[in-house]
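*Asks:* Quick one, structure for this:
(2 chains)
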Amino acid sequence: MKTAYIKTAFIKVLHMFKYIYSLVFCIVLGISPAISQHTDEHAPAPAASHEEETFDIGGMIMHHIADEHGWEFTHGVKLPLPIILYTADRGLEMFSSSKLDHGQVYNDYKNEHEHIVRLNADGTVNETVHPMDFSITKNVATLMLGAIILILIFTSVSRGYVKNKGKAPKGIQSFLEPLIVYMRDEVVKPSIGKNYGKYFPYLLTLFFFIFINNLLGLLPGGANLTGNIAITLVLAVITFLITNLSANKYYWKHILLPDTPKWMWFIMIPVEIVGVLMKPLSLMIRLFANITAGHIIMLSLFGLIFIFKSWAVAPAISIFALFMSAIELLVAFLQAFIFTLLTSMYIGSAIEEHHAEEHH
Amino acid sequence: MILLEGNSLLNPSPGLIFWQLVVFGLLVFILWKFAWKGILSALKEREGDIEGALRMAEETRAEMAKLKSDNDKLVAEAKRERDLIIKEAKEAADKMVAEAKDRAVEQGNKIMEDAREVMTQERVKMMSQIKKDVASLSIEIAEKVIRKELSDKATQQSFVSELVADAKLN
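*Replies:* Below is the predicted model:
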């Protein structure tokens, strides 16, 4: 009953945000041609530099939501980060990202729009060498920072339970405890059932990982980590693996031998298999799209100031941006919550005993 | 479709996938080992404690209620006993008073009867004495009258009156 209530509540909220997302996708679609133009334009960059510089909002937005080597907080303030490359002929190489700033060449490597390429002696790109890029990029650095913050927070919370044993929780412990208890009693337990204990630590990590990185992404200069498809891909694949590796025979029977007339099977079985794959795929796209969309909206709003080239629009933009920031804070929580809720529900449906299925 | 073609946004970079696997894997492991284990077991323990405390409070309350009803019963019993004792005592006192009264009346009656009997006897004795005295006085008077031998009836009469006056009739 409770899960159903949560589900309907969130479907309602999602419907509300659907309008915002559709707006965002219009913007994305609008920007994309601009990006291709942007790359085309900038290939002969030195030649075109004498022209009057027009503000390229698409390029600005894409630059901000994409990954980069080094961490640029604001124009000209860039924290260098290690670049780690693996090539078949040279093995592992590591150097500072500052060596490749402003199109510089180092060890025959050049940063072509955040894509590291090897150059030939004459300065052309060597197409035969494909360096594997394991650099600590802005996103990787954020990932590590988020992980360190989470470890510091939760080990301190854990110590709090030892220190305040038999007493009321204190400080950050009392702030996070309701969240943990809420996740357990309202999300994980109703979705998975009595065997939730095995999955709960992972689901908590998942929730707080997404939540903290969503929040870090909202900070000025923050990376768009949870809006990066590589991150959501890994999370979705882990959900897929947990779901299918812990699935019981009822789950597989439902997919491979559905309760339909046999002649329907050639439709039903592919549909079910597609359903199995769509679940993690939808998780991956949802988180990626929501967070990226939020960043794009914010950047578009700020970009308007530069497009209008006027201070006069700034107050109105600021109000919109403030409103969007508040919504993004909600989305940061909501998306972490939804990802965890859906993962719990997928696991729950995979380990559900057969008699429970009759209630549906 | 424009989105999907050559857009770095939708092309997961292998390096980031690698680091995500490493960092997230480590994070899951470290938090599992050093955070969730302690937190969840502490939460469970505390919930157990609270549940136990609540149950004990409930039990204690039931016990208290039982004790109270026992007490009430005892008090009621004591009250009844007290009433009984008072009643019995009253009865006994009433009985004693009644008996005493009866006895007193009886005694009184007996005393009165005795007194009456004594008085009757006295009167009888007195009457016989008076009769005797009157007889002896009459004889004396007659004797004196006869001895004087009075001729005059009037003198005789006055003489008799004189004698009668002289006679002390007590």
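*Asks:* how about the residue nearest to A:Val140 when sequence neighbours are not counted, what does it touch?
*Replies:* Of all residues not flanking A:Val140 in the chain, B:Trp19 sits nearest, at 4.4 Å (CB to CB, 6 or more residues apart in numbering or on different chains). (Glycine included, C-beta is placed from N, CA and C.) Contact partners of B:Trp19, counting by CB atoms under 8 Å, 6 or more residues apart in numbering or on different chains, are A:134, A:136, A:140, A:143.
*Asks:* now the helices for the chain?
*Replies:* Just so you know, I chose chain A. Assigned by DSSP state H, chain A shows helices spanning A:2-42, A:45-48, A:57-65, A:138-163, A:171-182, A:189-192, A:200-218, A:229-245, A:249-256, A:265-308, A:314-351, A:354-357.
*Asks:* Actually, chain B is the one I wanted.
*Replies:* Using DSSP H, helices in chain B cover B:14-31, B:37-148, B:153-166.
*Asks:* Could you report the pLDDT at residue 12?
*Replies:* Since no chain was named, I'll use chain A. A:Lys12 is assigned 54 on the pLDDT scale.
*Asks:* I was after chain B.
*Replies:* If you check B:Pro12, the pLDDT there is 86.
*Asks:* Ramachandran angles for it?
*Replies:* In terms of degrees, to the nearest 10, the main-chain angles of B:Pro12 are phi -60, psi 130.
*Asks:* By mean pLDDT, which helix or strand of chain A comes out lowest?
*Replies:* Least confident helix or strand, chain A: helix A:45-48 with a mean of 39, by mean pLDDT, DSSP states H and E.
*Asks:* I meant chain B, not that one.
*Replies:* Confidence across the helices and strands of chain B bottoms out at helix B:153-166, with a mean of 80, counting by mean pLDDT, DSSP H and E.
*Asks:* Could you pull out the buried residues of it?
*Replies:* Neighbour-count burial for helix B:153-166 flags B:Phe159 (criterion: 16 or more other CB atoms under 10 Å in any protein chain shown).
*Asks:* Can you name every helix or strand that that helix contacts?
*Replies:* helix B:37-148 (3 or more CB pairs under 8 Å, 6 or more residues apart in numbering or on different chains; DSSP states H and E).
*Asks:* do the helix it packs on and chain A meet at all?
*Replies:* Yes. Looking at helix B:37-148 against chain A by CB under 8 Å from any CB of the partner chain, the contacts come from B:37-40, B:42-43, B:46, B:49.
*Asks:* okay if I get those as JSON lines plus pLDDT and neighbour count?
*Replies:* Shown next, in JSON lines, are these (pLDDT from 0 to 100; neighbours: other CB atoms under 10 Å in any protein chain shown):
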{"residue": "B:Lys37", "pLDDT": "90", "neighbour count": "13"}
{"residue": "B:Gly38", "pLDDT": "90", "neighbour count": "18"}
{"residue": "B:Ile39", "pLDDT": "90", "neighbour count": "24"}
{"residue": "B:Leu40", "pLDDT": "91", "neighbour count": "19"}
{"residue": "B:Ala42", "pLDDT": "89", "neighbour count": "21"}
{"residue": "B:Leu43", "pLDDT": "88", "neighbour count": "16"}
{"residue": "B:Arg46", "pLDDT": "87", "neighbour count": "18"}
{"residue": "B:Asp49", "pLDDT": "89", "neighbour count": "11"}
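*Asks:* residue contacts, the residue nearest the centre of chain A?
*Replies:* By CA atoms, centre = their mean, the mean C-alpha position of chain A lies nearest to A:Thr226, the distance being 1.9 Å. By CB under 8 Å, 6+ apart, the residues touching A:Thr226 are A:210, A:213-214, A:217, A:232, A:287-288, A:291, A:335.
*Asks:* Make sure B:Asp49 is actually in contact with A:Lys167.
*Replies:* No. In terms of CB atoms under 8 Å, B:Asp49 does not count as a neighbour of A:Lys167; the distance is 11.3 Å.
*Asks:* Output the residues of helix B:37-148 next to chain A as a markdown table; include the columns distance to A:Tyr182.
*Replies:* Shown next, in a markdown table, are the residues of helix B:37-148 next to chain A (distance: CB to CB, whole Å):
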| residue | distance to A:Tyr182 |
| --- | --- |
| B:Lys37 | 20 |
| B:Gly38 | 19 |
| B:Ile39 | 14 |
| B:Leu40 | 14 |
| B:Ala42 | 17 |
| B:Leu43 | 12 |
| B:Arg46 | 16 |
| B:Asp49 | 20 |
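*Asks:* Show me which of those residues is closest to B:Ala76.
*Replies:* Nearest to B:Ala76 among the residues of helix B:37-148 next to chain A: B:Asp49, at 40.1 Å, using CB to CB.
*Asks:* give me every residue that touches that closest one.
*Replies:* B:Asp49 neighbours (CB under 8 Å, 6+ apart): A:Gly166.
*Asks:* Could you identify which of the helices of chain B is most buried?
*Replies:* Highest mean neighbour count of the helices of chain B: helix B:14-31, a mean of 18 (counted as mean count of other CB atoms under 10 Å in any protein chain shown).
*Asks:* list the buried ones in stretch A:325-339?
*Replies:* A:328, A:331-332, A:334-339.
*Asks:* Looking at these, which two lie furthest apart in space?
*Replies:* A:Glu328 and A:Phe339 (16.0 Å).
*Asks:* Flag the shaky bits of chain B, pLDDT-wise.
*Replies:* Across chain B, the ranges flagged by pLDDT under 70 are B:1-8, B:149-151, B:169-170.
*Asks:* same question, chain A
*Replies:* Across chain A, the ranges flagged by pLDDT under 70 are A:1-53, A:354-360.
*Asks:* mind redoing it with 80?
*Replies:* Under the criterion pLDDT under 80, the flagged ranges of chain A are A:1-55, A:75-76, A:166-167, A:354-360.
*Asks:* Alright, I will stop here.
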